[in-house]
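Enquirer: sequence and predicted structure below; questions after.
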Amino acid sequence: MKISLKVNGKKYTREVETNKNLLHFIREDLGLTGTKEGCGAGECGACTIIMNGKTVNSCLILAVEANGCEIETIEGEAKNGKLSKLQKAFHENHAVQCGFCTPGMILSARALLEKNAKPTVEQIKEAIEGNFCRCTGYQQIIEAVQDASGQLKKKEGLKRA
Amino acid sequence: MLQEFSYLAPTTLKDLYALLKKNAGTAVILAGGTDLLVEMHNNWISPKLLVDIKKIPQLNDMSFDRKNGLSIGATTVCIDLINNSDVKKYYPLLADAAGRIGSHQLRNRATIGGNLCTASPCADMGCSLLALGAEVELASADGIRVIPLKDYFTGPKKTQIKKHEVLQKIIVPFESANAKFGMRKLKRIKGHDIALISVAMARTEKFLRVGVGSCAPTPVVTAPLPANAKPEKVKEAVMKVVSPIDDVRASRDYRLFMTGEFVDSIYAEIFNGGSK
């Protein structure tokens, strides 16, 4: 089946098998491998993308269902070779260890900050409950989101490092 | 890759009914896909034909009026129910229940109709819609029938839907609008998890009903009780409809105990000042 969609502002038209999920389409057909596959069953959030303005698990959507949609992936986060504020905050607060959950985490965090510029720690935890991280214990990720929203005293973050 | 299947996405109800009639038994309806694609990923099912119903505008419609109450199109996703102004104003219990489903990613995609069609005993929308006395509209090329939700579930993952039918809307009666309510969902962890039990209570001026999930082969509900029923009577009515089992997530005894605890605490909340 032929589908047309926009990914990170760029229009793509491709022939795709009906039994391919959107995650595999993005990774294999478009070559955008920043989006990861963890569980493949909507539990871990590694495959989180933003589709028509909402975060979704791309493993639970068929590529053909995304026909006509606007999609944002982690590759759209940095602009002109410069890290976004969120990416910078993740980097500086040691919120990345193995890095597998990071693309999904950043997109969930971005969806939160777009709705709520100054989230509380509880709101940050709630926003990333669909994204598993097995390395950091989440603390540094929460601090990174606080930092990106201008709510982290620099010393606090550095003490941990 | 998933197993091979054909994919069709009709854009009118008429085309959908015809497709389902022609392919009864082989066609499987795809709504949000948050249950279906997991089942396919795990090779639990391998449908030959997926019929995507999200391109049919009528199925994504929500409306409210004082005669018919709230009508929720089957493909309405959780987040749209949560943010709907009529739901917030007249049926806040539904927004509360939908907000307890999965994670943000799932609530942005999972549909209310899909939750009822998967018909898991722990269906998150089940107990709240039951407490509000909801009905479901099942349609096919042969016509439309409306049945009470309490009669719709027939067993774990089993419903009254016939092979050529589609659940096209959920109707919540106006008499349940502005009900005082309370809900509890017991989970192993605070985040994204399925319910060990869930309890929803709704009280209007005329009646009080309690819906319970994960405590019987299907979500269950008490008969409508008088609005001023005593707490003992409410608990007695709840215990009559539940029949939990021991399983990997919780024991029968624990489920019964927590159901009783939740009924007491929600009752106290409702009678001491209304919805939270």
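Expert: Received it, and whenever you're ready, just let me know what you need.
Enquirer: name the residues that touch stretch A:61-69?
Expert: A:1, A:3-6, A:16-25, A:29, A:51-52, B:7, B:9, B:30, B:33, B:37, B:50, B:52, B:54, B:109 (C-beta atoms under 8 Å, 6 or more residues apart in numbering or on different chains). Heads up, the C-betas are built off the backbone N, CA and C, glycines and all.
Enquirer: which of these fall in strands?
Expert: Within those, membership in strands is found for A:Ile3, A:Ser4, A:Leu5, A:Lys6, A:Met51, B:Tyr7, B:Leu30, B:Leu50, B:Asp52, as judged by DSSP state E.
Enquirer: can I get those residues in JSON lines with pLDDT and distance to B:Val234?
Expert: What follows is those, written out as JSON lines (pLDDT from 0 to 100; distance: C-beta to C-beta, whole Å):
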{"residue": "A:Ile3", "pLDDT": "97", "distance to B:Val234": "53"}
{"residue": "A:Ser4", "pLDDT": "98", "distance to B:Val234": "56"}
{"residue": "A:Leu5", "pLDDT": "98", "distance to B:Val234": "52"}
{"residue": "A:Lys6", "pLDDT": "98", "distance to B:Val234": "53"}
{"residue": "A:Met51", "pLDDT": "98", "distance to B:Val234": "43"}
{"residue": "B:Tyr7", "pLDDT": "97", "distance to B:Val234": "48"}
{"residue": "B:Leu30", "pLDDT": "98", "distance to B:Val234": "40"}
{"residue": "B:Leu50", "pLDDT": "98", "distance to B:Val234": "43"}
{"residue": "B:Asp52", "pLDDT": "98", "distance to B:Val234": "43"}
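Enquirer: point to the helix or strand of chain A where mean pLDDT is at its lowest.
Expert: Among the helices and strands of chain A, helix A:154-160 carries the lowest confidence by mean pLDDT, DSSP states H and E, at a mean of 56.
Enquirer: and the residue in chain A positioned nearest to chain B, which of the three is it?
Expert: Of all residues in chain A, the one sitting closest to chain B is A:Gly130 (2.5 Å; C-beta to the nearest C-beta). Judged by DSSP: H, G, I helix; E, B strand; the rest coil, the three-state class of A:Gly130 is coil.
Enquirer: am I right that it is in contact with B:His104?
Expert: Yes - taking C-beta atoms under 8 Å as the definition, A:Gly130 is a contact partner of B:His104 at 5.4 Å.
Enquirer: how's chain A carved up into domains?
Expert: Residue ranges of the domains in chain A are recorded as A:2-76, A:85-160, according to automatic domain parsing.
Enquirer: now the longest one: how far from the chain's centre is it?
Expert: How far domain A:85-160 lies from its chain's middle: 11 Å, per C-alpha atoms, centre = their mean, to the nearest Å.
Enquirer: which among the contacts of stretch A:61-69 count as buried?
Expert: The neighbour-count criterion (16 or more other C-beta atoms under 10 Å in any protein chain shown) marks A:3, A:5, A:16-25, A:29, A:51, B:7, B:9, B:30, B:33, B:37, B:50, B:52, B:54, B:109 among the contacts of stretch A:61-69 as buried.
Enquirer: I'd say A:Pro119 and A:Ala127 touch.
Expert: Yes - shown here, A:Pro119 and A:Ala127 form a contact pair, counting by C-beta under 8 Å, at 6.9 Å.
Enquirer: what is in contact with those two at once?
Expert: A:Leu112, A:Val145.
Enquirer: higher neighbour count, the two?
Expert: Set A:Pro119 next to A:Ala127 and count neighbours by other C-beta atoms under 10 Å in any protein chain shown: A:Ala127 wins out with 24 against 20.
Enquirer: show me the contacts for the nearest residue to the more buried one once chain neighbours are set aside.
Expert: The shortest distance from A:Ala127 to any residue other than its chain neighbours is 3.8 Å, reached at A:Leu112 (C-beta to C-beta, 6 or more residues apart in numbering or on different chains). The neighbourhood of A:Leu112, defined by C-beta under 8 Å, 6+ apart, consists of A:Pro119, A:Gln123, A:Ile124, A:Ala127, A:Ile128, A:Val145.
Enquirer: next, the buried residues of the strand or helix carrying A:Leu112.
Expert: Element membership of A:Leu112 [criterion: DSSP states H and E] is helix A:102-115. Buried positions in helix A:102-115, judged by neighbour count with 16+ other C-beta under 10 Å: A:Thr102, A:Pro103, A:Gly104, A:Met105, A:Ile106, A:Leu107, A:Ser108, A:Ala109, A:Arg110, A:Ala111, A:Leu112, A:Leu113.
Enquirer: now for the helix or strand just after that helix, which elements pack on it?
Expert: Elements were assigned by DSSP H and E; along the chain past helix A:102-115, the next helix or strand is helix A:121-127. For helix A:121-127, the elements it packs on are helix A:102-115, helix A:139-148, judged by 3 or more C-beta pairs under 8 Å, 6 or more residues apart in numbering or on different chains; DSSP states H and E.
Enquirer: got the angle for the longest one vs helix A:139-148?
Expert: In terms of direction (axes from the mean of the first three to the mean of the last three C-alpha atoms, to 10 degrees), helix A:102-115 departs from helix A:139-148 by 40 degrees.
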